[in-house]
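Colleague: one predicted model, sequence on top.
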Amino acid sequence: MMMIELLFQGLTLGGLYGMIGVGLALSFGILRVVNLAQGELITIGAFLAVGMISLFPALPLALVLAGAFLGCAALGVAMQALAVERAMAFRDPMVAMLVTFGLAVILRNALVESVGANLRGLDIGGLGQARVTFGGLSLGLLPLLTLGIALLSFGGLALLIFRTRFGRQVRALSDRPEIAELMGIRIRRVHAQVAALSAGLAALAGVLLAMRASVSPFSGVAHLLIAFEVVVLGGIGSIRGALGAGLLLGMTQVVSARFDGNAGLLYVHLVFFVILVLRAISGRLS
Amino acid sequence: MTISLRIDSLSAWHDQFQALRDVSLALEPGQSLALVGANGAGKSTLLRLLCGLVPNWQGEITLDGKPLARGNPRAASSAGLALVPEGRLLFDSLTVEENLLVGQSARKGPWDLATVYTLFPVLAERRLQRPSTLSGGQQQMLAIGRALSANPDILLCDEISLGLSPLVVGEVYAALAQVRAQGVSLVIVDQDVSRACAAADQVVCLLEGRVSHQSAAQGVTAAALKAAYFGVATEQ
């Protein structure tokens, strides 16, 4: 029984970590931009949800998620169109990365300026304590929801990328931008759409995070670190890889916390490090 | 659906390097052109320029009397130009069929999945595979199919037989003949001069960016073009 409980917690946290990483995987894999503002987008998604709930306490969760997604997606499009797209014109990928670093600083301080530096949590009423029972197995409703939303998001994203016209265009563009343009694909528009999707997924991760723990305007960097580990472990740009890596890291954290209550993220980072070392030894680091 | 192509005193640059000098040629509707010349003569530059991939040029290019937009691949595509690029440059994250679907455009015409599969039945058999799992010849067929999917008036084929066995080259040219029979103009760049000329009405040879020979294509062989090709005087 304890094993199942542990497994379930690991899956939930893993799904969440996957969500944190998948937006970065998208922008990394398709736009070839290391988006250092991804952590801030997650935080802004969380604060959008906090704001919506404080204005309309009875707002259903689905609408909160949708609102946060759309808000961050709009922000993602604006960032892409106004700044990142121009930086991408340079051959050196460092330029775009530095631009997103600057955007991250601006977003973080704008957030402190507008909501203050305090920790905030999402007020979800009795949801945090509610439990559901399946055949003698009692599971928390909140983690169940988190896992469900994460899996739905991954499923939806996979359908979008691998089964639709938009997804074909995205993959073609990521393979060979020049030839894709010959095929009539509107490069900038697809870039903006991918940026919107990536930011929207960040917002969903932010809302899920805010439901289980508090966030502050400075949480972004910690989220970015997790996102990086997920993307590097899962393979640059791989959606399935992001989910797998998220699950591995989430499971690691939950199991290690069982044996060493003060460990926090130590074992997560250790697992990441060990896998990198193993890859380096076997020559698969690239 | 056939259109004419007219190029007048075209010069083009890659940074400081001038790749084309004062090139003029004309292609009547439905006519096909063999574009030959040594490596670096400017053949690929000309094809890529027509497709909007080389922005730095001077001169005049008209398609059916309408000027071609500069450095705009989308405009070139909707004007009826499609490229089969050197080295095929297929989308490896897409299946064979998805490569064809991405090639489709808003232009109307006879080419859809069904007709491309009729032209290249082997692609239908492999429709769910990745291009990287295909043989060189099948990849070339896919590159042609992808370009045809846009229903172009003029199909630009760069180094069409590069790296293919003679048998496969024969199959590719047989398919191109069928494409031509549908009224699509071909511009064929190939190291195999006789083969390209046999598939075209007109031949243009480039030498260091200039037109060094221009004539009807019928019966033209590599030997006949030696001077224009290498820029050395032939011994009489």
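Modeller: Received it, and whenever you're ready, just let me know what you need. Residues are numbered from 1 along each chain as shown, chains lettered A, B, ... in the order given.
Colleague: near chain A, which residues of chain B show up?
Modeller: Residues of chain B lying near chain A by Cβ under 8 Å from any Cβ of the partner chain: B:51-53, B:73-74, B:76-78, B:82-83, B:85, B:89, B:91-94, B:98, B:101-103, B:105-106, B:146, B:150. C-beta coordinates here come from the backbone N, C-alpha and C atoms, glycine included.
Colleague: give me the low-pLDDT residue ranges for chain B?
Modeller: Flagging of chain B using pLDDT under 70 yields the residue ranges B:1, B:232-236.
Colleague: where do the helices sit along it?
Modeller: B:43-50, B:73-78, B:96-103, B:113-119, B:121-125, B:136-148, B:166-181, B:193-198, B:226-230 (DSSP state H).
Colleague: just so I know, which of those helices lies nearest A:Leu111?
Modeller: With Cβ to Cβ as the criterion, A:Leu111 lies closest to helix B:73-78 of the helices of chain B, at 38.6 Å.
Colleague: can I have the closest one written out in PDB, keeping just the CAs?
Modeller: The C-alpha coordinates for helix B:73-78 follow below in PDB (Å, rounded to 0.1, in the frame of the first residue of the first chain):
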ATOM      1  CA  PRO B  73      10.300  32.100 -51.200                       C
ATOM      2  CA  ARG B  74       6.500  32.200 -50.500                       C
ATOM      3  CA  ALA B  75       5.900  34.500 -53.400                       C
ATOM      4  CA  ALA B  76       8.000  32.400 -55.700                       C
ATOM      5  CA  SER B  77       6.000  29.300 -54.600                       C
ATOM      6  CA  SER B  78       2.600  30.900 -55.200                       C
END
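Colleague: the helices of chain B: which one's closest to A:Ala180?
Modeller: For A:Ala180, the closest of the helices of chain B is helix B:96-103, at 7.5 Å, according to Cβ to Cβ.
Colleague: need the residues that contact that closest one.
Modeller: Residues external to helix B:96-103 that are found in contact with it (Cβ atoms under 8 Å, 6 or more residues apart in numbering or on different chains): A:165, A:168-169, A:171-172, A:180, A:183, A:185, B:82, B:90-91, B:94, B:113, B:116, B:123, B:126-131, B:134, B:142, B:145-150.
Colleague: if we go to 7 Å?
Modeller: The contact list for helix B:96-103 (Cβ atoms under 7 Å, 6 or more residues apart in numbering or on different chains) reads A:168-169, A:172, A:183, B:90-91, B:94, B:113, B:116, B:123, B:126-129, B:131, B:142, B:145-147, B:149-150.
Colleague: ok, back up a step: tabulate the helices of chain B (JSON lines), appending mean neighbour count and distance to B:Trp13.
Modeller: Formatted as JSON lines, those follow (neighbours: other Cβ atoms under 10 Å in any protein chain shown; distance: least, Cβ to Cβ, whole Å):
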{"stretch": "helix B:43-50", "mean neighbour count": "24", "distance to B:Trp13": "9"}
{"stretch": "helix B:73-78", "mean neighbour count": "20", "distance to B:Trp13": "18"}
{"stretch": "helix B:96-103", "mean neighbour count": "24", "distance to B:Trp13": "30"}
{"stretch": "helix B:113-119", "mean neighbour count": "16", "distance to B:Trp13": "36"}
{"stretch": "helix B:121-125", "mean neighbour count": "15", "distance to B:Trp13": "38"}
{"stretch": "helix B:136-148", "mean neighbour count": "24", "distance to B:Trp13": "26"}
{"stretch": "helix B:166-181", "mean neighbour count": "16", "distance to B:Trp13": "31"}
{"stretch": "helix B:193-198", "mean neighbour count": "22", "distance to B:Trp13": "26"}
{"stretch": "helix B:226-230", "mean neighbour count": "17", "distance to B:Trp13": "23"}
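Colleague: let's have the ones you listed in TSV, adding distance to A:Ile226.
Modeller: Putting those into TSV (distance: least, Cβ to Cβ, whole Å) gives the following:
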stretch	distance to A:Ile226
helix B:43-50	44
helix B:73-78	39
helix B:96-103	33
helix B:113-119	43
helix B:121-125	43
helix B:136-148	40
helix B:166-181	50
helix B:193-198	57
helix B:226-230	61
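Colleague: mind checking which of those helices is nearest A:His269?
Modeller: Of all the helices of chain B, it is helix B:96-103 that lies closest to A:His269, at 38.7 Å by Cβ to Cβ.
Colleague: got the angle between that closest one and helix B:136-148?
Modeller: Here helix B:96-103 points in a direction 30 degrees away from that of helix B:136-148 (axes from the mean of the first three to the mean of the last three Cα atoms, to 10 degrees).
Colleague: distance from the chain centre to helix B:96-103, please.
Modeller: Distance of helix B:96-103 from the chain centroid (Cα atoms, centre = their mean, to the nearest Å) equals 19 Å.
Colleague: can you check stretch B:184-201 too?
Modeller: 9 Å.
Colleague: OK, contacts around residue 162?
Modeller: Picking chain A for this. So A:Phe162 contacts nothing (Cβ under 7 Å, 6+ apart).
Colleague: not quite, I wanted chain B
Modeller: By Cβ under 7 Å, 6+ apart, the neighbours of B:Leu162 are B:Glu86.
Colleague: state the phi and psi torsions of it.
Modeller: phi -60, psi 120 (degrees, to the nearest 10).
Colleague: quick one: it from chain A, how far?
Modeller: 17 Å (Cβ to the nearest Cβ, to the nearest Å).
Colleague: roughly how far apart are B:Glu125 and B:Leu94?
Modeller: Relative to B:Leu94, B:Glu125 is positioned 17 Å away (Cβ to Cβ, to the nearest Å).
Colleague: show me the helices in the stretch 51-200 of chain A, by range?
Modeller: For the stretch 51-200 of chain A, the helices defined by DSSP state H, counting those that start in this stretch cover A:61-79, A:85-88, A:93-115, A:141-163, A:165-175, A:177-182, A:187-212.
Colleague: quick check: buried residues in the next helix or strand after the last one?
Modeller: Right, helix A:187-212. Sequence-wise, the next helix or strand downstream of helix A:187-212 (DSSP states H and E) is helix A:220-234. If you call a residue buried by 16 or more other Cβ atoms under 10 Å in any protein chain shown, then helix A:220-234 has these buried ones: A:220, A:222-234.
Colleague: format these as a markdown table; extra columns: pLDDT.
Modeller: Converted to a markdown table, the buried residues of helix A:220-234 look like this (pLDDT from 0 to 100):
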| residue | pLDDT |
| --- | --- |
| A:Gly220 | 92 |
| A:Ala222 | 92 |
| A:His223 | 93 |
| A:Leu224 | 94 |
| A:Leu225 | 94 |
| A:Ile226 | 93 |
| A:Ala227 | 94 |
| A:Phe228 | 94 |
| A:Glu229 | 94 |
| A:Val230 | 95 |
| A:Val231 | 94 |
| A:Val232 | 92 |
| A:Leu233 | 93 |
| A:Gly234 | 92 |
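Colleague: mind putting the residues you listed into TSV with distance to chain B?
Modeller: TSV is the format used below for the buried residues of helix A:220-234 (distance: Cβ to the nearest Cβ, whole Å):
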residue	distance to chain B
A:Gly220	31
A:Ala222	32
A:His223	28
A:Leu224	26
A:Leu225	28
A:Ile226	26
A:Ala227	22
A:Phe228	23
A:Glu229	24
A:Val230	21
A:Val231	17
A:Val232	20
A:Leu233	20
A:Gly234	16
